[in-house]
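Chemist: Structural data only, the sequence is not supplied:
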Ligand SMILES: NC(=O)c1ccc[n+]([C@@H]2O[C@H](COP(=O)([O-])OP(=O)(O)OC[C@H]3O[C@@H](n4cnc5c(N)ncnc54)[C@H](O)[C@@H]3O)[C@@H](O)[C@H]2O)c1
Ligand SMILES: O=C(O)C[C@H](O)C(=O)O
């Protein structure tokens, strides 16, 4: 692998006037994309180049970054683009990053589960996270590489070992589940998709993806059968794309869109924009609900007393939840809110699978 810095394309020093954007009004922010030459990486690089909150964009991959960086770098928006290729340029790519987005690794083919990607992607993520711990330990990390239910715990363990773990700054990107749930709901409910909101909680694989259509807005009076079908389609959305692509990979364009939305939310949070809330797979400590009632040590049911304790969303250490983003990353992990019986059932069903995927990641990282 060649190892010189490949390209550094300086674009606008001054604001893109046509957009009415002033570079003086927002702080400098460096975003690094790891896996930037891939199916997700390239359109994501494009979308991040269009984001006026980004001042420096580092595009890293093991191959093909010179072309991607040259191409994207010609776009007349604020950020300065640089391409980095190969392990010995990874440090430079990461240095000073505020946000690191990781879509590196192999995608599914028809017939595979996301967990089938573990053997290859776990090692890739572990190595990239070791470099993040070394070169930009304070960066926010947006993990896209699958299986997210395991790669996020791997990242956490790598950071813990390096002494850099900050649970407020590690995010599994589950925004595509929300994007899909919104699209499918708007179609069925016949409402304006731009106004739709649907929280999606749990994890990012099959039944661990739990859309909460009972909390969807605008409200629509959908039949139970419709809700079940929407839930299944959201859970199988990735597989729908994998099968349609027939061996040529998984979702890339919709994922780049979703990744760009989530990274933008992280940047807004860092910049102090209030009330930025997105769903994400995070360490699941809740700060909003001080009162948590549970069964006693001896399992006697319905022993309920209010007590001021730090509570978690579920008993699982990581869980996709609504998260309020702020200057330090996670500002607040929001509770699940009221669930329908169908959703409550889905929640109980997903826990063993999600728990096993989390434990698999933790075990791998500590082997
Ligand atoms: N979280 C989600 O919702 C979601 C959605 C879609 C895809 N994904 C996952 O994203 C990953 C990437 O998907 P894709 O379609 O872009 O795949 P792709 O094969 O098109 O691109 C992956 C890129 O990663 C690069 N890469 C491999 N090893 C690397 C390393 N050590 N360092 C840096 N880059 C490296 C490859 O060179 C390639 O350019 C897959 O694991 C896929 O399952 C996640
Ligand atoms: O389904 C996949 O393998 C990719 C991604 O996780 C998705 O949801 O599209």
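Modeler: Okay, I see it. Quick caveat, the model's predicted, so the values are computed rather than measured. Numbering: from 1, shown residues only. Ligands and ions are numbered 1, 2, ... in the order given.
Chemist: what secondary structure does the closest residue to ligand 1 within the stretch 251-367 of the chain sit in?
Modeler: Closest approach between the stretch 251-367 of the chain and ligand 1, counting by CB to the nearest ligand atom: residue 255, at 3.9 Å. C-beta: built from backbone N, CA, C; applies to glycine. Look at residue 255: counting by DSSP: H, G, I helix; E, B strand; the rest coil, its state is helix.
Chemist: pretty sure it is touching residue 142, no?
Modeler: No - Residue 255 lies out of contact with residue 142 (CB atoms under 8 Å); the separation is 11.6 Å.
Chemist: ok and the residue in the chain nearest ligand 1?
Modeler: residue 38 (2.1 Å).
Chemist: from what I can see, that residue looks like it's in a strand, true?
Modeler: No - counting by three-state DSSP, residue 38 falls outside a strand, being coil.
Chemist: so how many other residues sit close to it?
Modeler: Neighbours of residue 38 under the rule other CB atoms under 10 Å: 26.
Chemist: pLDDT value on it, please?
Modeler: pLDDT, residue 38: 98.
Chemist: What's the separation between the closest residue to it other than its chain neighbours and residue 255?
Modeler: Distances taken as CB to CB, 6 or more residues apart in numbering put residue 103 closest to residue 38, at 6.1 Å, once the chain neighbours are dropped. For residue 103, the distance to residue 255 equals 7 Å [CB to CB, to the nearest Å].
Chemist: shared neighbours, these two?
Modeler: Both residue 103 and residue 255 are in contact with 40, 44, 144, where contact means CB atoms under 8 Å, 6 or more residues apart in numbering.
Chemist: before we move on, the earlier item: give me the distance between the residue of the chain closest to ligand 1 and residue 320.
Modeler: Distance, residue 38 to residue 320, by CB to CB: 23 Å.
Chemist: for residue 184, same thing?
Modeler: Distance of residue 184 to residue 320, given as CB to CB: 18 Å.
Chemist: quick one: which of those two has more around it?
Modeler: Neighbours per residue, other CB under 10 Å: of residue 184 and residue 320, the larger number sits with residue 320, 31 against 22.
Chemist: Am I right that that one is in contact with residue 283?
Modeler: No - between residue 320 and residue 283 there is no contact under CB under 8 Å: 11.3 Å.
Chemist: Same drill for residue 103 and residue 255, tell me which one is more crowded.
Modeler: Between residue 103 and residue 255, residue 103 has the larger neighbour count (other CB under 10 Å), namely 28 against 23.
Chemist: Just the pLDDT at the more buried one, thanks.
Modeler: Confidence at residue 103, expressed as pLDDT, is 98.
Chemist: Around residue 247, count how many other residues there are.
Modeler: 10.
Chemist: and it, what is it in contact with?
Modeler: Contacts here follow CB under 8 Å, 6+ apart; on that basis residue 247 touches 109, 110.
Chemist: Please give the element, helix or strand, for it.
Modeler: Secondary structure assignment for residue 247, by DSSP states H and E: no helix or strand.
Chemist: And it, its phi and psi?
Modeler: phi 100, psi -10 (degrees, to the nearest 10).
Chemist: Same check on residue 231?
Modeler: Dihedral angles (degrees, to the nearest 10) for residue 231: phi -60, psi -50.
Chemist: Give me the distance between it and residue 120.
Modeler: As for residue 231, its distance to residue 120 is 30 Å (criterion: CB to CB).
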